[in-house]
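**Student:** For reference, the sequence and a predicted model appear below.
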Amino acid sequence: MKMSRVEEALKAANETRALRIGNGILEEVAELFKEQFPGKKAVVVADETTYRIAGKRVEEELKQANIETLPSFIFTDSDLYAEYSYIDQLVDSLKQHAAIPVAVGSGTINDLTKLSSHLTGRRYMCVATAASMDGYTAFGASITADGAKQTFSCPAPQAVLADTSIISKAPGPMTASGYADLFAKVTAGADWILADALGVEVIDKKAWSIVQDGLHDALSSPKEAAEGEETAISQLIEGLMLGGFAMQWSKSSRPASGAEHQFSHLWNMEHHLNNGEHISHGFQVSIGMLAITAFYEQVLQTSFEQLDVDACCAAWPEPEIADKTALDMFVGTDFPNIGLQETKAKYVNREQLKVQLLQLKENWPKIKERLSGQLIPYSEVKQRLQLVGAPTEPEEIGITRKRLRETFIRAQFIRRRFTVLDLAVRTGYMEDWLEGLFSKGKIWEITD
């Protein structure tokens, strides 16, 4: 009998041993806990909302199965987000006992529990309450520390249970957020195709297959996902879980994250709020992914067969100049050295640049064909995001068009990962392509 995509992905995952997705399966939580953590005590970790939605029921199921269950740890901060002070709170509590945490929630609760469990020397289990992001099964936790969004190395949950009857009732913006995060795998894949084609980072075929093989099917029903339709929600949560498995396999976020995520990370680092409130990761990525999709359409209209490689190399800055530019980029921020650190890591000399650009020039028809097959047209991306309820204009998340334009430039400096933004810098096309998006009559015309 042929294995399902989830079963195949679980074989590749080296941290998560069990994933159950289904309607009405919360009653299986105790059985799954006993299977994965025989003889262990349990402690539910939740916030006030997720405890009410599912945490109390999880606690009752565990107790009824004669699993010794400690009083739940419930975060009560109304503005809870993945920030290190909350790690300190949970770690202090977990140090008092050896119970296995059962995280009941979505992105924030999962990441806080993931890192706290690791810091206290134990594994954990997760009960998903929304299809809001791909971090459930991802290696590492994305936490804001010292003013910067950072990914801390820590294992994914040992077991995950996703009851679609609960997930389908999650607030619409959470489902829309997860849909946008899953859609980001399209542009992330395009960035990996570029990195592979230029000899920067070879595509890992296993990780690629886990994420990309069923991606277009999982994204096919945005309206139904917004309405909480069972099949669409099941496809969405499965796609998000598979993204995490690919990251487990590769020990990297490369399979699921590209330039669109750099936009989100930068805005987090800049402490961006919209009307005083934090913006969900997925909503930031929605705008980032749409922006990168539009940017790629500029790329695909470019005739790299005519690229003047020698001129590009002559204009390429020497290391000292590149370092100064990177340092100047973030003067006055609370992350002044990140540009220097990350761009030094991916800097190439003029000889190496020439090799990359010649590969681009000589193989552009084939590269263009691969990119065209990967990407979805901007107009269709925008329509699908609107149907699911995700933002499609930067102003919807409090980002001006001028700031969006600046983000294309600044985001390239904050991660060493090679993306389409690096292609723009190395070919000298950054300003031309931005003009194609922000000049008079274009999609994000800047009028002031």
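**Tutor:** Yep, it's here. Residues are numbered from 1 along each chain as shown.
**Student:** My understanding was that residue 329 contacts residue 413; is that so?
**Tutor:** Yes. Residue 329 lies in contact with residue 413 (CB atoms under 8 Å); the separation is 5.2 Å. C-betas here are computed from N, CA, C, even on glycine.
**Student:** For residue 13, give me its contacts.
**Tutor:** 137, 156, 245, 248, 249 (CB atoms under 8 Å, 6 or more residues apart in numbering).
**Student:** redo that, cut-off 6 Å
**Tutor:** Neighbour list for residue 13: 245, 248 [criterion: CB atoms under 6 Å, 6 or more residues apart in numbering].
**Student:** let's have the chain start at 340 instead
**Tutor:** New numbering, starting at 340: the last item is residue 352.
**Student:** separation between it and residue 586?
**Tutor:** Distance of residue 352 to residue 586, given as CB to CB, to the nearest Å: 9 Å.
**Student:** do residue 555 as well
**Tutor:** Residue 555 is 20 Å from residue 586, by CB to CB.
**Student:** And the two? Which one has more around it.
**Tutor:** When residue 555 and residue 586 are compared for neighbours, residue 586 comes out ahead with 27 against 11, by other CB atoms under 10 Å.
**Student:** Number of residues surrounding the residue lying closest to that one once chain neighbours are set aside?
**Tutor:** Spatial nearest neighbour of residue 586, excluding adjacent residues (CB to CB, 6 or more residues apart in numbering): residue 477 at 4.6 Å. A count of nearby residues for residue 477, using other CB under 10 Å, gives 29.
**Student:** buried stuff in whichever helix or strand residue 535 is part of?
**Tutor:** Residue 535 belongs to helix 511-536 when assigned by DSSP states H and E. Buried residues in helix 511-536, counted by 16 or more other CB atoms under 10 Å: 512-536.
**Student:** Check which helices and strands the strand or helix carrying residue 368 sits against.
**Tutor:** Assigned by DSSP H and E, residue 368 falls within helix 368-375. Packing contacts for helix 368-375, counted by 3 or more CB pairs under 6 Å, 6 or more residues apart in numbering; DSSP states H and E, involve helix 395-403, strand 498-502.
**Student:** And the most far-flung residue of the chain relative to its centre, what's its pLDDT?
**Tutor:** Distance to the chain centre peaks in the chain at residue 405, reaching 37.6 Å (criterion: CA atoms, centre = their mean). If you check residue 405, the pLDDT there is 97.
**Student:** Over to residue 607?
**Tutor:** Predicted confidence (pLDDT) for residue 607: 88.
**Student:** So what's the residue count around it?
**Tutor:** For residue 607, using other CB under 10 Å, the count is 21.
**Student:** That one and residue 486 touch, don't they?
**Tutor:** No. Using CB atoms under 6 Å as the test, residue 607 is too far from residue 486 to be in contact (9.7 Å).
**Student:** just to revisit the earlier point, so what's in contact with residue 668 and residue 752 at the same time?
**Tutor:** In contact with both residue 668 and residue 752: residue 678, using CB under 6 Å, 6+ apart.
**Student:** So those two - more neighbours on which side?
**Tutor:** residue 752 (22 against 18).
**Student:** Identify the residues contacting that one.
**Tutor:** By CB under 6 Å, 6+ apart, the contact list for residue 752 reads 665, 668, 678, 682.
**Student:** go with 8 Å
**Tutor:** By CB under 8 Å, 6+ apart, the neighbours of residue 752 are 665, 668, 669, 677, 678, 681, 682.
**Student:** can you pull out the helices in the stretch 490-639 of the chain?
**Tutor:** Ranges of helices in the stretch 490-639 of the chain, per DSSP state H, counting those that start in this stretch, are 503-506, 511-536, 544-551, 554-557, 561-565, 569-589, 598-608, 620-639.
**Student:** For residue 651, give its distance to residue 493.
**Tutor:** Residue 651 sits 41 Å away from residue 493, going by CB to CB.
**Student:** scratch that, residue 530 is what I was asking about
**Tutor:** Relative to residue 493, and taking CB to CB, residue 530 is found at 25 Å.
**Student:** so where do the strands sit in this protein?
**Tutor:** In the chain, the strands defined using DSSP state E lie at 357-361, 381-386, 408-414, 439-444, 464-467, 480-484, 487-491, 498-502.
**Student:** ok, how many other residues are close to residue 546?
**Tutor:** Based on other CB under 10 Å, the number of other residues close to residue 546 is 24.
**Student:** same thing with residue 347?
**Tutor:** Neighbour number of residue 347 under other CB under 10 Å is 16.
**Student:** With residue 664 instead?
**Tutor:** Neighbours around residue 664, by other CB under 10 Å: 14.
**Student:** try residue 719
**Tutor:** Residue 719 has 10 nearby residues by other CB under 10 Å.
**Student:** and if you look at residue 640?
**Tutor:** Residue 640, neighbours per other CB under 10 Å, totals 10.
**Student:** Show the contacting residues for it.
**Tutor:** Counting by CB under 8 Å, 6+ apart, residue 640 makes contact with residue 775.
**Student:** pLDDT score assigned to it?
**Tutor:** 98.
**Student:** most centrally placed residue in this structure?
**Tutor:** Judging by CA atoms, centre = their mean, the chain has its centre closest to residue 596, at 5.4 Å.
**Student:** Tell me which residues touch it, please.
**Tutor:** 523, 527, 756.
**Student:** I'd like the distance between it and residue 582.
**Tutor:** For residue 596 relative to residue 582 (CB to CB), the value is 9 Å.
**Student:** got it, and residue 717?
**Tutor:** Relative to residue 582, and taking CB to CB, residue 717 is found at 22 Å.
**Student:** Leaving out chain neighbours, which residue sits closest to residue 458?
**Tutor:** In space, residue 458 is closest to residue 430, 5.3 Å off (CB to CB, 6+ apart).
**Student:** Confirm for me that the one you found is in contact with residue 455.
**Tutor:** Yes. At 5.0 Å, residue 430 counts as touching residue 455 under the criterion of CB under 8 Å.
**Student:** more crowded one of these two?
**Tutor:** residue 455 (27 against 16).
**Student:** burial count for residue 461?
**Tutor:** 16.
**Student:** hmm, I was thinking of residue 716
**Tutor:** Neighbours around residue 716, by other CB under 10 Å: 13.
**Student:** quick one, what contacts it?
**Tutor:** 632, 636.
**Student:** From residue 526, how far out is it?
**Tutor:** Taking CB to CB, one finds residue 716 at 12 Å from residue 526.
**Student:** Mind listing the shared neighbours of these two?
**Tutor:** With CB under 8 Å, 6+ apart as the test, residue 716 and residue 526 both reach residue 632.
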